[in-house]
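*Asks:* Whatever this is, show me its structure:
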Amino acid sequence: MTIFILVVVCYLLGAIPAGLWVGQIFFKKNLHDFGSGNTGTTNTFRILGVKAGIAVFLFDLLKGTLATLLPVFFHVHSVSPLVFGLIAVIGHTLSVFDHFKGGKAVATSGGVILGFSPLFLIYLLVVFFVFLWLFSMISLSSIAAAVAALIGVFFFPSIHFILPTYDWFFSLIICALALIIILRHISNLKRIKNHAESLVPFGLNLSHQKKK
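*Replies:* Numbering: from 1, shown residues only. Here you go, the predicted model:
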């Protein structure tokens, strides 16, 4: 019964559409009607500003972390905490509070990794920000971090770097999270191919996207 309750709680926690609610309550704006129409961190930054973007990012990140740590707090050892983190990510992308729409899972997935392997998250953040500086695109940086996660989870244990041993279940969850992130960015990949992706106001823009 405890496991079932935690599953429901983690889904509902992940499903909280922070960006949507912040926009509606404090700015009288529905993020679905602006920018990319997404309710995640990136569109929140673009439409609602830096303060709202930071607040939504932290909430989306920490709800992934909390979902991963909840089974530890309640001494549930029969199911990996990563399962509950993954459920929160699913809730984030398919929110019952937003007609089963949601964000692109980057921040919440990062929160899951933060709750289980903080050093691995630091590695992914380095990759993310390097790509962000080189290409000026949050979407491409997110995809690069997802690919880097796949590479790292299989390669690092062989050289005992960050991940000292192979953990097949952690590898499986990382594969699932990376796949979700990449699939959620397919429309971004199409825009990148057409040199029409949105840019951040810094970096080298090496792919020569057209600035809007």
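
*Asks:* and the spatially closest residue to Asp98 that is not a sequence neighbour, what is it in contact with?
*Replies:* Excluding its sequence neighbours, the residue lying closest to Asp98 (C-beta to C-beta, 6 or more residues apart in numbering) is Pro17, at 4.5 Å. Placement of C-beta: from N, CA and C, glycine included. Neighbouring residues of Pro17 by C-beta atoms under 8 Å, 6 or more residues apart in numbering: 39, 95, 97-98, 102-103.

*Asks:* Check the gap between Pro17 and Ile182 for me.
*Replies:* Relative to Ile182, Pro17 is positioned 22 Å away (C-beta to C-beta, to the nearest Å).

*Asks:* related to what we said a few turns ago, most neighbours among the contacts of Pro17, please name it.
*Replies:* Compared across these, Gly103 has the highest neighbour count, 28 neighbours, by other C-beta atoms under 10 Å.

*Asks:* Break the chain down into its domains, please.
*Replies:* 1-116, 117-212 (automatic domain parsing).

*Asks:* can you list the contacts of Pro17 in TSV and add secondary structure, distance to Lys63 and pLDDT?
*Replies:* Shown next, in TSV, are the contacts of Pro17 (DSSP: H, G, I helix; E, B strand; the rest coil; distance: C-beta to C-beta, whole Å; pLDDT from 0 to 100):
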residue	secondary structure	distance to Lys63	pLDDT
Thr39	coil	14	91
Ser95	strand	11	97
Phe97	helix	13	97
Asp98	helix	14	97
Gly102	coil	12	93
Gly103	coil	11	93
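
*Asks:* Adding distance to Phe57, write those residues out as CSV.
*Replies:* Formatted as CSV, the contacts of Pro17 follow (distance: C-beta to C-beta, whole Å):
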residue, distance to Phe57
Thr39, 12
Ser95, 17
Phe97, 19
Asp98, 18
Gly102, 15
Gly103, 10
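
*Asks:* Of the residues you listed, which pair is most distant in space?
*Replies:* Using C-beta to C-beta, those span at most 12.2 Å, a distance reached by Phe97 and Gly103.

*Asks:* what residues does the helix or strand of the chain with the lowest mean pLDDT touch?
*Replies:* Taking mean pLDDT, DSSP states H and E as the measure, the chain has helix 41-48 as its least confident helix or strand, at a mean of 93. Residues from elsewhere that reach helix 41-48 (C-beta under 8 Å, 6+ apart): 19, 22-23, 26-27, 29, 31, 34-37, 52-53, 56-57, 60, 103-104, 106-107, 138-139, 198.
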